[in-house]
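Asks: Mind looking at a prediction? Sequence and model below.
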Amino acid sequence: MRTLYIRHVPEAVAERLELLARRAGLPLSTFALQELTETARRADNASLLADLPSQPIPRSSILEALDASRDER
């Protein structure tokens, strides 16, 4: 495994991360690793979405369905 060092972290960011780590009951390094892991996992989301086939649904159909759904309530 690699070790990363992050320099020049703004004080406000560091304090917020420390607070979030405390709330999660985790050491800061563990919390930061979880956040970085989640961010890295989402990195491919844009390309995944771009590869999806286009479904040409007219905007009017969507709005009509929304209106019908609201009317049912």
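Replies: Yep, that arrived. Residues are numbered from 1 along each chain as shown.
Asks: CA atoms for contacts and neighbours, from now on please.
Replies: Will do.
Asks: So which elements touch the helix or strand bottoming out on mean pLDDT in the chain?
Replies: When the helices and strands of the chain are compared on mean pLDDT, DSSP states H and E, helix 45-51 comes out lowest with a mean of 79. Helix 45-51 sits against no helix or strand, with contacts defined as 3 or more C-alpha pairs under 8 Å, 6 or more residues apart in numbering; DSSP states H and E.
Asks: what's the offset of it from the middle of its chain?
Replies: The chain centroid and the centroid of helix 45-51 are separated by 14 Å, computed with C-alpha atoms, centre = their mean, to the nearest Å.
Asks: Please save the CA atoms from that helix in CSV.
Replies: Taking Å, rounded to 0.1, in the frame of the first residue of the first chain, the C-alpha atoms of helix 45-51 are listed here in CSV:
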residue,chain,number,x,y,z
ASN,A,45,-19.5,7.5,-12.9
ALA,A,46,-19.4,10.2,-15.6
SER,A,47,-18.0,7.8,-18.1
LEU,A,48,-20.5,5.1,-17.1
LEU,A,49,-23.4,7.5,-17.6
ALA,A,50,-22.0,8.7,-20.9
ASP,A,51,-22.0,5.0,-22.1
